[in-house]
Each structure stands twice: as C-alpha cells, then as structure tokens.
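Engineer: give me the fold of what follows.
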Amino acid sequence: MQEIILILTNKADTHPTSVINLMREMNIPFFRLNTESLLTDYDFTWYCDNGLEDLVIKNIHNNHEIHGQQIKSVWCRRPEAPSELRWVTKFKDYNLKEADRFLWWLMSYLSNIYSIGSIRNNKYASSKLVQLSLAARLGMRIPRTCMTNTKESIIEFASNETDLLLKPFGADGFEADGLYYLTYATKTNSKDIFSQPEEAFSQTVNFCENYVPKDFEVRATVMGPHIFACKLDSQNQKEDEGKIDWRQGYDFGLKHEMITMPEGVNTFCRQYLREMGLNFGCFDFIVRPDGQYVFLECNPNGQWGWIEDELGISSMSEAMVDCLVNCKTV
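Structural biologist: Numbering: from 1, shown residues only. Purely as a prediction, here's the structure:
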C-alpha cells in the first residue's frame, strides 16, 4: 500500500499551504482532514473483527481515500471539534458531541504513529506550569513567576520588584460594551498593583512575572533535528507597538532576522522536547542586555509560517516535509 501523510487541521488554517505545495511538487501523497467538517465532507469507517482492523476515510468531494495502514506520519496541526452537519435536526448538539468524542478516540488511536504535534502530549505540554518547571529543572533561566487569585500573594511576590508583567493565560481578548479588546502582556509598576481592591484579584487567576530587561527576543522553531531561530527586534518598537509584547509589532514594522543561538540553548531545546515527548515546538526567549537567554514558553503547536512570509524563505516548510516524510525525531 502507498504510504500517505495525514494532516489534521481545519478549513481556515492556511499554515499547511506551503508544506502541501511542496508535497505536490515532490509527488508526496498526503490527505488533509479538516476536522470541523468530519460529518459533512468525509465518509469514514473503522472496524475491528478477530484481529483484522482497518480505518477508511474518504473525502466525498474529490474521492480521495486513505486507509489506516497507509498512514506513515501525522501532522496534528490544528484540529477543531466537529461543528458542521449535512442536515440540521433537533439532535444537532447530541450528534456533534458524539462526533467530537469519536474524533478524540480516532486521534488517540493514531497516537502511536510518528507525528508533528503530539496527539497524546500537546495538551499536557501546553501547561505554563509544566513548561516553566521543566525549563528551570533543565537549568534554563526563567522569569520569577506567580499565578494566584489572592492579593496577598501578589503583594508578597511584587514587594522586591519595580515592574511586573501581567499576562493572559490564553484568552486572546474579551468583549465589553459591544467592543472586542485584544489582550497582550502588560508592563505595570508594582505600586499600582498594591492600590487595587481585593476583588480585582479574587475574581480571576492572575499570571505575573518580574519584568526582564531585553536586548531582543527570539522565536526558535524546532522541527525534529532542525532549529530555526528568528531574532525579533522588539526593543526598537514603541511600548504599545511590540516593545512589551512583540505580537503587537506585526502591523508596526517589527524587524525579523534569522540567527544562530548558542549551542547550549539549542541543547536545552532538544532536551526539553525529548522530556515532553514532542518532535516540534516553538520556543520564546528574551535575550537580556548581558546576552543571557531567558525562557518564556514553548508552544507545542505554534505558528511559524509568518516568519517565512516575512523573510521570503522556504527552508522551514522544507524541514517540515523532511520530518513528515522521513519521521525525523529531535
């Protein structure tokens, strides 16, 4: 049987496009499964009978078909819960919940196959508590960090700090009075924290770090044995245009440059991913004025296509194809 690469993602995700284009140029077979459309765009069957089993998924629009025995590797890019039905009935919610549970079972079934983006470990590896604890255990410098819902703990944490960095746990933003506000990391003076009422802390979970001085920042993308480090020149930006949170710099000319990190940092990245059971990760570092690297986080399913777009390169897509075709590990 012909070996095929399975890509689990969603319709709106443009990230696989450059990789898919390369696969087409190289005549590498692949099957894209947009998981929100599991019930509308695909026919699928899994069966098991006295030791004989098979999985069959067919795209009903182009008749492209894949069997479980053909799956060489899986790119678990950005699957979403099924949300579409061919016919809407009063059982809509029930049907979608059943499909979502099947999808989870299916991805678990595939988890022993080589993957970029671990079906089994991504959720665990997304925990900032797990990330920071592991980084510190591996000897990498991290910011002083406190997560709490009490004002007392914040005051104690901030007592020896001039500035704090307040960070969201994962929410991109919130809606209020008919407007949508994006949330970014925010630098604030410690004294401003002390004057806030108790309910400002107890009504949510607060994620605080000491503010680390920066020379620049680095997004390091690790794909199997390949490491791509991109320097983000955030400190030449205005405070609300990427200096504090470089993501705000997208629309304000944030400069990108590929660099080589110290070998000790490369070694840390590899050790970290091995400990997490991953073959891929996007690391964010602060580089202090003294040259020391400070670990902030590692997104086990982070984006990197914007770096290729910004710099006009294709080497990262080529590395992704290499990993998926040759099952390259860290």
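
Engineer: which stretches of the stretch 101-250 of the chain form strands?
Structural biologist: Taking DSSP state E, counting those that start in this stretch as the criterion, the stretch 101-250 of the chain contains strands spanning 115-116, 145-148, 163-166, 173-176, 179-182, 186-189, 206-210, 216-223, 226-232.

Engineer: pLDDT averaged over the shortest one - what is it?
Structural biologist: Regarding strand 115-116, the rounded mean pLDDT is 97.

Engineer: before we move on, back to that, so which of the strands of the stretch 101-250 of the chain gets nearest D240?
Structural biologist: Distances from D240 to each of the strands of the stretch 101-250 of the chain were compared using CB to CB; the shortest belongs to strand 186-189, at 9.8 Å. (Glycine included, C-beta is placed from N, CA and C.)

Engineer: quick check: can you name the pairing partners of the closest one and their directions?
Structural biologist: The strands beside strand 186-189 in its sheet (DSSP bridges) come out as strand 163-166 (antiparallel).

Engineer: contacts for the partner strand next, please.
Structural biologist: 143, 158, 185-190, 193, 206-212, 244 (CB atoms under 8 Å, 6 or more residues apart in numbering).

Engineer: can you say which of the residues you listed are buried?
Structural biologist: 143, 158, 185, 190, 193, 206-212, 244 (16 or more other CB atoms under 10 Å).

Engineer: what is the end-to-end distance of stretch 134-147?
Structural biologist: End-to-end distance of stretch 134-147: 16 Å, with CA to CA, to the nearest Å as the criterion.

Engineer: now do the same for that stretch: mean pLDDT, whole number.
Structural biologist: 97.

Engineer: what do you get for stretch 285-297?
Structural biologist: For stretch 285-297, the mean confidence score works out to 97.

Engineer: in that stretch, which residues are buried?
Structural biologist: Buried positions in stretch 285-297, judged by neighbour count with 16+ other CB under 10 Å: F285, I286, V287, Y293, V294, F295, L296, E297.

Engineer: swap in stretch 267-276?
Structural biologist: F268, C269, R270, Q271, Y272, L273, M276.

Engineer: would you agree E36 is in contact with L96?
Structural biologist: No - using CB atoms under 8 Å, E36 and L96 do not qualify as a contacting pair, with a distance of 9.8 Å.

Engineer: so what sits against both of these two?
Structural biologist: Common contacts of E36 and L96, defined by CB under 8 Å, 6+ apart, comprise A81, P82, S83.

Engineer: will you turn these into TSV that also has pLDDT and distance to S73?
Structural biologist: Compiled in TSV, those are given as follows (pLDDT from 0 to 100; distance: CB to CB, whole Å):
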residue	pLDDT	distance to S73
A81	97	23
P82	98	23
S83	97	26
